[in-house]
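[1] Provided below are the primary sequence and the corresponding predicted coordinates.
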Amino acid sequence: MIRLALAQMRRSLPRLVSAGIAVAIGTAFVAATLVAGNVITRTTYDSMVASLAQADLVVRGSELTPDTLAAVRATDGVAAADGRVALWTELAAGGQRAYPEVTTRASDPRLEAQQVRSGRLPDAPGEIALPASLADRLDLAVGDEVRTVRTTWDPETGEPSESTESLAVVGLTEDPSGAFARTGGAAVVHPDDAARWYDQEWGGEGLAYDAIVVALEPQADLEAARAALADAAPGTVVQTRDERAQQLTAELTGDTEALTAVVLGFAAIALLVAALVVTNTFQVLVAQRTRTLALLRCVGADKRQVRRSVLVEAALLGAAASAAGIAVGLALAQVTLLVLGNVNPDVPLPTTVPVSAAVLAVPFAVGTVVTLVAALAPARAATRVAPLAALRPADAPVLGTRASRGRLALALLLTVGGGGLLVGGVALSGSEGGVMVGLPVGLLGGALSFVGVLVGALLWIPPVVALAGRLLARTGPSARLAAANTLRNPRRTSATSAALLIGVTLVAMMSTGAASARTTLASEFDAQFPVDVVVRDPNLGATDPSATPQITSDVVSRLAAVEGVEAVAHSRVVTVAWADDEGDLGWEELQVLPPDTARNVLLDPAQADGLADDTVVVTRALAERYGLADGDPVTLAVDGGPGTEVTRDVVVTDFAGALLATPTTLGALGVDLPTNELWLRLAADADTVAVMDDVQEALSDSALQVFGVALERAMFENVIDTLLAIVLGLLAAAVVIALIGVANTLSLSVIERRRESATLRAIGMSRAQLRGSLAVEGMLVAVVGAVLGSALGLVYGWAGTLTVLRALGDVALELPWRELGAVLAVAVAAGLLASVLPARSAVRTSPVEALAVE
Amino acid sequence: MTTSATPPAGPPARLPAVRARGLTKVYGSGPSAVEALVDADMDVPAGEFTAIMGPSGSGKSTLMHLLAGLDSVTRGQAFIGDLDITTLDDRELTRLRRDRVGFVFQSFNLLPMFTAEQNIVLPLELAGRPVDRAWFDTLVTTLALGDRLDHRPSELSGGQQQRVAIARALIAKPDVVFADEPTGNLDSRAGAQVLSFLRRSVRELGRTVIMVTHDPSAAAYADRVVLIADGRIAGEISDPTPESVLAGLDALRTLDEVAVP
Ligand SMILES: Nc1ncnc2c1ncn2[C@@H]1O[C@H](COP(=O)(O)OP(=O)(O)OP(=O)(O)O)[C@@H](O)[C@H]1O
Ligand SMILES: [Mg+2]
């Protein structure tokens, strides 16, 4: 049977190769993901080892005090020991700031993780050595001064205050083994400084180290020293450097493993699609070999042998494809490493991919098993070939077209049940906290209904193809022929379309979800901020006249000059105490702007409706809380001000702040304030991200704070777009595999229809018509898959958005035209492309072949 | 089109519909070259039913392929009407097949996904020409397909399928119909039916038919039999009967035996 399988394989090699490519892409995906996980783990481990320098042992415990350190140092065999604390500090020099990790000068060179490039390490308090790259950024050299800016809390009152110290830069370091690569390099200070800073930060709780690193005498015995240390410092754990590095790595790479699992999920989707392609290929191959198989049965092969011949073929294909996939995956990972290493030389990446047994074995096993499982159904079909089939005329094989009742029932059950759960998930999430219940229910429903849709593909894809075909058939005989051909093998067409449908559904779902989330959350932001951008003086609210105003005319003109900023309005903000006729209402921020100015910059000008010299605008939330209505009188007084009290009529609007009044009202309150806030309106079509960059740039040397809906939206859209791009990139593999499937099915059909093609040529079909017919056929299958997938994805995307975001308020369901249009364009192009090679072989068929018998 | 598409009105004008001049086909090259056809000269008058006969491997199919423009010639010329088809490119050959020649195949070669009617009109559709309903009805009546038009090939008998194929070959009113062993897959009764339809399409519908066959009784339906042996035209029998054809074939065999002692 192996010989038979090999002989069969040789004959069908080109077809098997494309099915193999589908599997190989899937396994390459798995292999590359595993390797990436390995690289991250390895890099982290190397970096952890490096951070422990040449330490022989590491002492860990919850109470590592300076006394413990002293005891460790006094232990037999210990040459040197240092306490390690986790410290960060802000450094400022010139206009630049940085926030590096800080380590202490080691007492022994063996415990120093970094190397000195120039100068020396700090010998005394008040000195600091900086990573060379950081010094570059801060424009510092040996001999310069750098300021540390530290926020400390008064232990009594808890009041924060800033303290600044000046440090002398005595050396520049480098970190060739990447000990601090994760945090971008660590500054080295004297232990006394570190202890003092630690004290400030933790409010004098007493110094406690994270770990004590120990270097032993050259002749000391590791195990003896370990035992001695455990005695000297009771309640601690003594680990070797390697043990500690492994533990740190495990702690740090937990997220990596979760990420690897998610990416493997996408690889699984790609493999599922590849499995469909394999099933389809073998289905067709078995059909085409009906006569051969029947002949074998006639000469005595039993069913088991026939089945085994198909399975052996699948196993060989799976093994070869998986091996190729692993090679490709590793090669891709290697190239990526080389590129990353060149782009980012600071991060010490391994130069060759770390290949573990798992990296080779897992993708190989997965790829082979998936191929084998995918071939089970075709193998069963092969056993059903009756010996009698050898005697029938060799017409193009027609596969079974009727879907079984069981399949219909299962598909209906899954689709309807899953759909019900999906709706249930949306309904459940309507209430507060319901998302936690609604989301899993919705996810389960979505998954079940999608499986139902796929199980039922054979039932509902052919009618859709038929409908599309009927529409197309009007355009001419080529299209009519194509439409008729797609319906000859409903099973084949369904499977091919369904493979594409999987990827497209997920792409459409993600795009729809992202677009809907973007719009929904954007309107949420609109409700939180009155204007696109707020620029605020940090001393805001203080009525202290001695504070120098930070908003200068220079700042205003620079902001106004930023491209995309359409209007800049001066606003004043003051904290007021307010009261209605029933009593005090506490303190609120009062925004002060002239009505026209306010209307000009507000996101929704209606927020300032009714603003006048004798009114105060109150946001709806506050009005509801205190039972205020339009026309109610309230009194306002500036906290700590001259004490003038004014009475104004309430106007309730959707103002996205607290209170809003005119400058006349502020004047009546008896305070004279400079502008302490600017409100910016951006052009409607502005590229928010770019404008915000420019705005930040314009304010870079001031202490002004920037916030507002534009910034939030820009950051948020950045996150959504990045995530979407990554997910779409990961899904691309599934779509590519499905498109290979389209091309493969078409090629198989063309081989099967050789004689027909020749007949058509003999009765007057031109080459262009034949080519066109195949192009239409490929497009029909691809476009039906893409359109159905888009529709499904839209439904899932909307359901998902509703489930997740409904609790937030009104959900905007978006139709991502651009993405869906792109999906459709890709499908049309791919359908055309998929037909190119099959069409070439079809038009090469000479009409003479139509006359030939067998 | 240079020739009239309607049947000639009067008695046969006997203009050659198909001519071969020094037609030669060599497959392969060097020592393994096979001379399938050598210097064939032949005239097939319009409105005649011609059969080509000869031993297996003698070059019958090759001759027909060359006359129909399905294969490239090594040497010589083949004419349909006064058009030298050996000079045509693929596009012109496609047009020729649409307008001027029809084919009937041994294994019918109907498209399984189309009905009989759709199969019959397919050549016109491919050419983008309207269906001449009167002609269609004539064909359907002559070939007795009236009650089978909505059936797919899988629902038709071999004889019925071949009659559909003949209708398909005739629907575009071609100058010549080529048939390669059209009765090869049929039993003798269905074969006889198909042959008499071919003859009627010549007699009553004014077509020209060139048929390759192995069967002397099939050849007897023809107006003329061209004998071929070893790639060469070896003789001709007019108004053949099964007996005269058999005698002619026997003569060929004796020739062979004499030539290859
Ligand atoms: N494509 C080809 N390549 C090489 N030789 C060929 C090819 N086609 C035919 N021949 C050879 O040309 C010769 C004539 O073949 P042809 O098919 O014309 O014979 P035929 O008279 O139709 O035979 P049959 O009655 O068996 O159909 C044979 O010797 C055959 O082997
Ligand atoms: Mg032949």
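    Cool, got the structure. Keep in mind the model is a prediction, meaning the values are calculated, not measured. Residues are numbered from 1 along each chain as shown, chains lettered A, B, ... in the order given. Ligands and ions are numbered 1, 2, ... in the order given.
[2] quick one: secondary structure of the residue most central in space within chain B?
    Centroid check for chain B by Cα atoms, centre = their mean gives B:F178 as the closest residue, at 1.8 Å. Three-state secondary structure (criterion: DSSP: H, G, I helix; E, B strand; the rest coil) places B:F178 in strand.
[3] out of everything not next to it in sequence, what's closest to it?
    B:A68 (4.8 Å; Cβ to Cβ, 6 or more residues apart in numbering or on different chains). C-betas here are computed from N, CA, C, even on glycine.
[4] do A:Y626 as well
    Nearest residue to A:Y626 in three dimensions, chain neighbours excluded: A:L585, at 5.5 Å (Cβ to Cβ, 6+ apart).
[5] following the one helix or strand the one you found maps to, which helix or strand shows up next?
    For A:L585, the host element (DSSP states H and E) is strand A:583-592. Later in the chain than strand A:583-592, the nearest helix or strand by DSSP H and E is helix A:595-601.
[6] Run through who's touching that next one.
    A:531-532, A:567-570, A:605, A:607-608, A:611-612, A:660, A:662, A:679-681 (Cβ atoms under 8 Å, 6 or more residues apart in numbering or on different chains).
[7] and the following helix or strand past that helix with strand A:583-592, angle?
    Note on helix A:595-601: by DSSP H and E, the next helix or strand toward the C-terminus is strand A:615-619. Interaxial angle, strand A:615-619 versus strand A:583-592 (axes from the mean of the first three to the mean of the last three Cα atoms, to 10 degrees): 100 degrees.
[8] in strand A:615-619, what's buried?
    Within strand A:615-619, the residues that count as buried by 16 or more other Cβ atoms under 10 Å in any protein chain shown are A:T615, A:V616, A:V617, A:V618, A:T619.
[9] And the following helix or strand past it, what does it pack against?
    Sequence order places helix A:620-626 as the next helix or strand after strand A:615-619, per DSSP H and E. Counting contacts by 3 or more Cβ pairs under 8 Å, 6 or more residues apart in numbering or on different chains; DSSP states H and E, helix A:620-626 is packed against strand A:645-653.
[10] after the strand it packs on, next one along is what?
    According to DSSP H and E, the helix or strand after strand A:645-653 is strand A:659-661.
[11] Name the residues that touch that following strand?
    Outside of strand A:659-661, the residues within contact range by Cβ under 8 Å, 6+ apart are A:576, A:578, A:588-593, A:598, A:607-608, A:611, A:615-619, A:622, A:636, A:648.
[12] Tell me what the residue of the stretch 151-261 of chain B found nearest chain A is bridged to.
    Distances between the stretch 151-261 of chain B and chain A by Cβ to the nearest Cβ are smallest at B:D180, namely 4.9 Å. With DSSP bridges applied, B:D180 shows beta-bridge pairing to B:V212.
[13] What does the pLDDT read for it?
    Per-residue pLDDT puts B:D180 at 89.
[14] That one contacts A:V848, doesn't it?
    No. Applying Cβ atoms under 8 Å, one finds B:D180 not in contact with A:V848, separated by 10.0 Å.
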